[in-house]
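> Quick one, fold the following:
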Amino acid sequence: MNSGSVKPRRLSWYSPKVTHLEGLNERQKTAVLKTKGPLLVVAGAGAGKTTTITHRIAHLIAEGVQGHKILAVTFTNKAAREMRGRVQKLLASHTGSLPLLTTFHALGARLLREFHVEAEVPKGFVIWDRDDSVKALKRIGESLDLGDINPRGALSVISRQKGDGVGTAEYAGTTKSFRERGIARMWEAYEKALTDQGALDFDDLLAKTLVLLEKQPHVLSRLQNRWTHITVDEYQDTNRVQFEITRFLVGDARNLCVVGDTDQCIFSWRNADPGLLLSFEQHFPGAAVVLLEQNYRSTRTILSAANAIIAKNVRRKEKNLFTDNETGEPIALYGAMNEMDEAWYVGQSIMKLVEAGTRPGEIAVLYRENFQSRALEEALLRFGIPYRVLGTRFFERAEIKDVLSYIRAALNPKSKVDIARIISTPPRGIGKTTLEKMLSGEPLAGALALKVQKFRDSLAKIKHAAQTLPASDAVRFAVEESGIEKMLSARGGSASGGKDDDENRERLGNVGELINLAVRYDDAASPEGIERLMEEAALESEQDSLDESSGAVSLMTAHASKGLEFEAVFVTGLEQGLFPSLRESADRDEEEERRLFYVAVTRAKKRLFLSYTSGRMKYGSREPALASEFLDDIDQRLVQQVRAKHSLLDDMPIIE
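Numbers count the residues shown, from 1 in each chain. Next up, the predicted model:
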């Protein structure tokens with residue numbers, strides 16, 4: 001009998017009472033039940049896209065698709081963990097295999113390690129984060145006498161080219177200006193540095209994976225057989241390379257479900273291309289399209305404003321969000337004198353919300369640029385309101401990077417970036433000149449040679465631990481053997497302790513948390529567990545370090561708020577030139593600022609506060625400001641103007 005004609009067998013745990021359709025609306029059910037062929041789900045903000053994705057995966061398994069045959073890809077570790085947890089909950093009584101739910105970059109790292117011979121990369125490659133890449137480009141720029149080219153700007157250009165599938169030679173052939181030619185030279189040297197140090201950067205994880213699929217048909221065939229059903233979340237954020245990887249993996253079976261929303265594409269500066277979603281039906285003829293327009297998050301008032309804001313954009317999949325939620329309160333709008341006046345308004349309003357029963361952790365303050373947080377932080381401190389600024393990631397803390405650099409250098413002795421970082425942490429009497437000789441392979445003698453050998457002996461011991469011990473034990477050993485634990489445990493400079501002691505205790509506590517985190521990978525065979533921990537560290541996004549149980553108000557950029565939701569949201573700095581930003585660039589998407597405002601507004605569940613100033617301090621001088629054009633798009637019947645009277649005691653406004 002032809003196995004292709006056999007109807008998939010429902011698994012033994014499945015019963016008619018468990019259909020995975022409970023609680024879904026009709027559009028969501030349609031998406032869940034469409035299990036064959038290409039499917040585009042256009043999911044509006046708060047329309048239950050994660051619910052739809054996870055229920056669809058559960059339904060596939062209930063219909064007989066083996067769990068390990070399903071691949072779901074998204075863009076942050078946080079989103080992947082959330083989907084993984086929901087799927088496991090839905091499949092609580094399922095004893096079979098589970099699907100792979102991961103990010104594009106983590107998938108690339110996994111495939112490149114598995115097929116490292118075919119991909120022509122070292123199996124133990126290290127992953128350079130953005131900071132590593134910027135530092136390398138800075139050194140290269142100085143060595144090439146191109147120090148006037150901003151290394152971050154150069155990295156942005158290189159990243160964009162890699163995301164479009166362009167290589168160094170092709171880019172060099174298109175350069176016209178002195179700056180472009182300089183970046184081409186820096187890029188060539190940068191690629192050599194990556195190769196020499198056995199490293200890949202973020203973009204290599206995708207670009208080299210695509211080359212692997214293109215040039216190794218036996219690898220592609222194996223992967224197409226491995227995964228028969230593929231889901232891509234946040235499809236509007238894919239770039240050309242991610243699209244091509246997806247297209248290769250799906251193959252002729254075309255069992256592909258993509259979920260996204262052009263109205264929430266806000267990362268064009270990371271190469272995100274909303275055109276890939278808009279052209280999905282051309283790339284995959286015969287694709288089914290399902291619109292998810294019922295919003296479960298926000299009030300009718302907030303949704304009415306959001307719909308009006310985004311309606312002016314032309315390049316989009318048209319939809320109109322609606323909700324069965326209550327009408328809710330009017331949107332508060334405050335016109336401030338300056339940034340301190342605005343911050344004081346935000347602080348007082350938060351105090352009132354908290355007094356009325358809203359938890360601080362359910363409140364977010366959003367802004368367009370990071371510099372805006374200073375005045376807001378000052379006001380929240382004055383009011384005694386607990387807050388956290390999203391952006392300082394756990395893995396970016398110096399002591400955490402030090403520990404991970406020891407492990408990376410131990411596993412990959414060619415990693416000059418890591419050796420340069422840790423050679424003096426803790427101090428061991430090895431200066432810059434000795435380091436340069438050490439890295440270049442020059443012979444050393446006497447006491448310096450003994451110091452360098454002792455350092456290398458420590459790395460050898462850490463390498464052995466990483467290759468033989470569970471991940472958490474390996475990290476613990478690295479903390480001890482490196483001398484970091486002893487360094488942080490030592491008292492501060494004063495006999496009575498003080499600030500230095502407090503900071504060292506906090507840093508030592510962070511190192512302890514790294515060990516706790518590593519426990520998550522103890523079940524993996526060595527050194528796979530430690531490799532996965534290193535990948536998580538390198539690929540962490542701002543949201544991945546967000547503690548949702550925190551009792552603090554969240555301060556973050558509008559970009560960082562993507563995918564989050566809060567009871568009350570403040571969107572500040574709504575001024576022409578700031579939000580919308582009027583920065584000029586050749587690849588600027590004129591509709592993206594409006595999409596960003598739409599994303600900010602739709603983070604709010606019940607209360608939305610908007611504010612602007614008539615003057616703001618920029619670069620040391622006060623500049624006049626006009627209210628954002630976006631405010632004119634909101635029906636004034638949805639808005640309540642907030643006024644302030646001034647207190648003679650502190651000369652700051654009291655909000656009525």
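
> any low-confidence regions in the chain?
In the predicted model of the chain, residues 1-19, 391-393, 491-500, 541-550, 583-588, 619-621, 645-656 satisfy pLDDT under 70.

> redo that, cut-off 50
For the chain, the stretches flagged by pLDDT under 50 are 1-18, 492-497, 647-649.

> tell me, which strand in it spans the most residues?
strand 604-613 (DSSP state E).

> what comes into contact with the helix or strand that contains Cys257?
Using DSSP states H and E, the element containing Cys257 is strand 256-260. By CB atoms under 8 Å, 6 or more residues apart in numbering, the surrounding residues in contact with strand 256-260 are 31, 34, 38-43, 49, 52-53, 56, 229-237, 246, 250, 277, 280, 284. Bear in mind the C-beta positions are built from the backbone N, C-alpha and C, glycine included.

> And whichever helix or strand comes after that strand, how far out from the chain middle?
Helices and strands here follow DSSP H and E; after strand 256-260, the next one along the chain is helix 275-278. Centroid separation between helix 275-278 and its chain, computed with CA atoms, centre = their mean, to the nearest Å, is 21 Å.

> now do stretch 504-511
Distance, centroid of stretch 504-511 to centroid of chain: 25 Å (CA atoms, centre = their mean).

> Same question for stretch 507-522.
On CA atoms, centre = their mean, the centre of stretch 507-522 falls 21 Å from the chain's centre.

> what's the answer for stretch 85-101, then?
24 Å.

> got the end-to-end distance for it?
Stretch 85-101 has an end-to-end distance of 10 Å (CA to CA, to the nearest Å).

> List the buried residues in it.
When burial is assessed from 16 or more other CB atoms under 10 Å, stretch 85-101 yields the following buried residues: 86-87, 90-91, 94, 98-101.

> swap in stretch 457-470?
458-459, 462-463, 465-466, 469-470.

> Val365 looks like it's in a helix, true?
No - Val365 is assigned strand when assessed by DSSP: H, G, I helix; E, B strand; the rest coil, not a helix.

> what number of residues lie near it?
30 (other CB atoms under 10 Å).

> from what I can see it touches Leu376, true?
Yes - in terms of CB atoms under 8 Å, Val365 counts as a neighbour of Leu376; the distance is 5.8 Å.

> State whether Glu623 is indeed within a strand.
Yes - Glu623: assigned to a strand according to three-state DSSP.

> From Glu339, how far out is it?
For Glu623, the distance to Glu339 (CB to CB, to the nearest Å) stands at 11 Å.

> if I look at the two, which residues touch both of them?
616-617.

> Comparing these two, which residue is more hemmed in?
Glu339 (25 against 11).

> As a check, name the ranges of all helices in the stretch 51-200 of the chain.
77-90, 104-114, 116-119, 130-143, 151-163, 168-172, 178-196 (DSSP state H, counting those that start in this stretch).

> Tell me how far Phe322 lies from Leu608.
With CB to CB as the criterion, Phe322 and Leu608 are 17 Å apart.

> Lys123 now?
Counting by CB to CB, the gap from Lys123 to Leu608 is 50 Å.

> With neighbour numbers in mind, choose between the two.
Higher neighbour count among Lys123 and Leu608: Leu608, with 29 against 13, using other CB under 10 Å.

> what pairs with the more buried one across the strands?
Beta-bridge pairing for Leu608 (DSSP bridges): Val569.

> Hmm, Val42 and Ala287 touching each other?
No - if you go by CB under 8 Å, Ala287 and Val42 don't touch, sitting 11.5 Å apart.

> if we can go back for a sec, need the residues touching each of Val365 and Leu376.
In contact with both Val365 and Leu376: 346, 555, 572, using CB under 8 Å, 6+ apart.

> Can you tell me which of those are buried?
Looking at the shared contacts of Val365 and Leu376 with 16+ other CB under 10 Å, the buried ones turn out to be 346, 555, 572.

> Please, where are all the helices along the stretch 501-650 of the chain?
Under the criterion DSSP H, counting those that start in this stretch, the stretch 501-650 of the chain carries helices at the ranges 528-539, 592-601.

> Tell me the buried residues in the first one?
Okay, so that is helix 528-539. 529-539.

> And stretch 63-72, by the same measure?
Neighbour counts using 16+ other CB under 10 Å place 63, 65-67, 69-72 of stretch 63-72 among the buried residues.

> contacting residues around the closest residue to Ile70 other than its chain neighbours?
Closest residue to Ile70 apart from its sequence neighbours, by CB to CB, 6 or more residues apart in numbering: Pro99 at 3.6 Å. Residues in contact with Pro99 (CB under 8 Å, 6+ apart) are 57, 61, 67-72, 87.

> between those residues, which is closest to Thr209?
Proximity of these to Thr209 (CB to CB) peaks at Leu71, which lies at 13.3 Å.

> partners of that closest one in the sheet?
Beta-bridge partners, per DSSP bridges, of Leu71: Leu100, Ile230.

> That one and Lys606, how far apart?
In terms of CB to CB, Leu71 sits 37 Å off from Lys606.

> swap in Lys486?
Going from Lys486 to Lys606 by CB to CB gives 51 Å.

> about what we covered before: same for the longest strand of the chain, what does it pack against?
Secondary-structure packing of strand 604-613 (3 or more CB pairs under 8 Å, 6 or more residues apart in numbering; DSSP states H and E): helix 300-310, strand 331-336, helix 339-355, strand 566-571.

> That one versus strand 363-367: what angle between them?
Using axes from the mean of the first three to the mean of the last three CA atoms, to 10 degrees, one finds that strand 604-613 and strand 363-367 are set 40 degrees apart in direction.

> Tell me, how many residues neighbour Asp632?
Using other CB under 10 Å, the number of residues around Asp632 comes to 9.

> Kindly apply the preceding question to Phe75 instead.
24.

> swap in Glu188?
With other CB under 10 Å as criterion, Glu188 counts 15.

> Kindly report the same for the one 4 residues further on.
For Lys192, the neighbour count with other CB under 10 Å is 12.
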